[in-house]
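**Q** pasted the sequence and its predicted model underneath.
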Amino acid sequence: MNRPALVLVGILAIATSLALGGCTERGSGLLAGPADDSEPQSLNRPRLNVGGSSAGGFERPLGPAVPGQIVVRTSDGVDLPTLNATWGTSTILEVEGVGHALLDIPDEQSVHRLATDMLEAGDCMSAHPNWLAEAPETHQGTLPFYEGDHVSQDVEDQDALNRIGVPTAHGTALGTGVTVAILDTGIDATHPDLAASVSPVGWDFIDDDADAMDERDGIDQDEDGLIDEGAGHGTHVAGLVRAVAPGASLMAVRVLDSDGIGTSVSVARGIRFAVDNGADVI
């Protein structure tokens with residue numbers, strides 16, 4: 001295996017572990033949440049019963065997650081139909097190539113309680129909520145705005161590229177032959193400065209189709225009073241990549257919606273897609 005392939009395998013292993021692996025909290029197999037009750041205004045954090053209903057446990061935020069969903073990796077010898085029959089869950093999807101599955105849980109179940117019970121029964125190697133992921137700008141309130149049909153000449157007099165030595169680097173390499181996967185809100189492939197660079201290979205893991213276009217949908221997905229605040233983010237990132245590596249091919253992998261929000265499952269699927277389809281950089 002050559003060095004680029006090894007690097008990709010390493011990236012995949014680390015990122016997938018962060019996105020889907022079950023880190024332990026006192027052996028529970030669940031990721032620990034914040035120590036206090038602080039939470040961003042842009043996300044509605046579900047409150048999960050940490051102590052368990054039978055123990056009269058307290059509740060605190062465990063991190064923003066999709067209500068009613070659990071991500072599992074079954075133990076050796078346990079298949080998904082058996083797991084679902086045992087716990088009353090149902091399979092939403094299996095995450096390609098990493099051995100995890102996203103399950104829907106019964107309405108009355110606590111995600112934390114169910115995950116703990118599955119782990120203690122030995123049916124799962126890991127089990128945790130389907131965490132929400134958010135573009136940092138939308139979380140902080142510094143929003144990326146759509147810039148219409150601007151092209152590179154509109155901003156080429158800015159000093160950022162000179163500060164990081166891009167003109168000098170272009171004398172050595174332009175990124176030609178390199179595929180960069182942009183895991184974000186998608187890419188506007190009609191943008192005149194990007195159209196020639198966007199790869200025909202891409203996928204939308206929000207709408208689950210081959211159209212990874214970065215566009216508004218007019219819906220306040222996260223109910224924070226702002227509509228489409230994440231639209232344009234992926235296109236903006238793609239523009240930064242093209243400015244530094246104008247010869248690179250840009251692979252659009254949409255893992256965040258137009259409000260800039262996705263899940264650990266959408267991100268993990270996006271990473272898997274990018275690697276399987278020849279991305280050199282993610």
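**A** Happy to help now that I have it.

**Q** where do the strands sit along the stretch 101-250 of the chain?
**A** Counting by DSSP state E, counting those that start in this stretch, the stretch 101-250 of the chain has strands at residues 101-104, 124-134, 179-184, 203-204, 249-254.

**Q** CA-only coordinates of stretch 183-194 in PDB, if you can.
**A** Extracted as PDB, the C-alpha positions of stretch 183-194 are listed here (Å, rounded to 0.1, in the frame of the first residue of the first chain):
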ATOM      1  CA  LEU A 183     -17.700  17.500   3.400                       C
ATOM      2  CA  ASP A 184     -20.000  20.300   4.000                       C
ATOM      3  CA  THR A 185     -23.300  21.900   2.800                       C
ATOM      4  CA  GLY A 186     -22.500  20.900  -0.800                       C
ATOM      5  CA  ILE A 187     -21.000  23.000  -3.600                       C
ATOM      6  CA  ASP A 188     -22.700  25.300  -6.000                       C
ATOM      7  CA  ALA A 189     -21.400  23.700  -9.200                       C
ATOM      8  CA  THR A 190     -22.900  26.500 -11.300                       C
ATOM      9  CA  HIS A 191     -20.500  29.100  -9.700                       C
ATOM     10  CA  PRO A 192     -18.400  30.400 -12.600                       C
ATOM     11  CA  ASP A 193     -15.200  30.200 -10.600                       C
ATOM     12  CA  LEU A 194     -15.800  26.600  -9.500                       C
END
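
**Q** ok, residues contacting that stretch?
**A** 135, 149-152, 195, 198, 202, 204, 212-215, 230-235, 237-239, 242, 250, 252-258, 260, 267, 270-271, 274, 282 (C-beta atoms under 8 Å, 6 or more residues apart in numbering). Backbone N, C-alpha and C define where each C-beta goes, glycine included.

**Q** among those residues, which lie within helices?
**A** 233-235, 237-239, 242, 267, 270-271, 274 (DSSP state H).

**Q** relative to residue 114, which of those residues is nearest.
**A** The nearest member of these to residue 114, counting by C-beta to C-beta, is residue 267 at 22.6 Å.

**Q** surely that closest one and residue 261 touch.
**A** No - between residue 267 and residue 261 there is no contact under C-beta atoms under 8 Å: 11.0 Å.

**Q** so the two - more neighbours on which side?
**A** The neighbour comparison of residue 267 against residue 261 (other C-beta atoms under 10 Å) goes to residue 261, with 25 against 22.

**Q** and the more buried one, how close does it get to residue 222?
**A** 6 Å (C-beta to C-beta, to the nearest Å).

**Q** and which of the ones in helices among the contacts of stretch 183-194 is nearest to residue 65?
**A** Of those, the one sitting nearest to residue 65 (C-beta to C-beta) turns out to be residue 267, at 13.4 Å.

**Q** could you check how far that closest one is from residue 255?
**A** For residue 267 relative to residue 255 (C-beta to C-beta), the value is 5 Å.

**Q** shared neighbours of these two, anything?
**A** 133, 183.

**Q** list the contacts for residue 273?
**A** Applying C-beta under 8 Å, 6+ apart, the residues near residue 273 are 96, 181, 203, 205, 253.

**Q** kindly report the same for residue 204.
**A** Listed by C-beta under 8 Å, 6+ apart, the contact partners of residue 204 are 186, 210-213, 254.

**Q** which two of those have the greatest separation?
**A** So, the contacts of residue 204 by C-beta to C-beta: farthest apart are 186 and 210, at 11.5 Å.

**Q** neighbour-wise, which of the two wins?
**A** Set residue 186 next to residue 210 and count neighbours by other C-beta under 10 Å: residue 186 wins out with 30 against 11.
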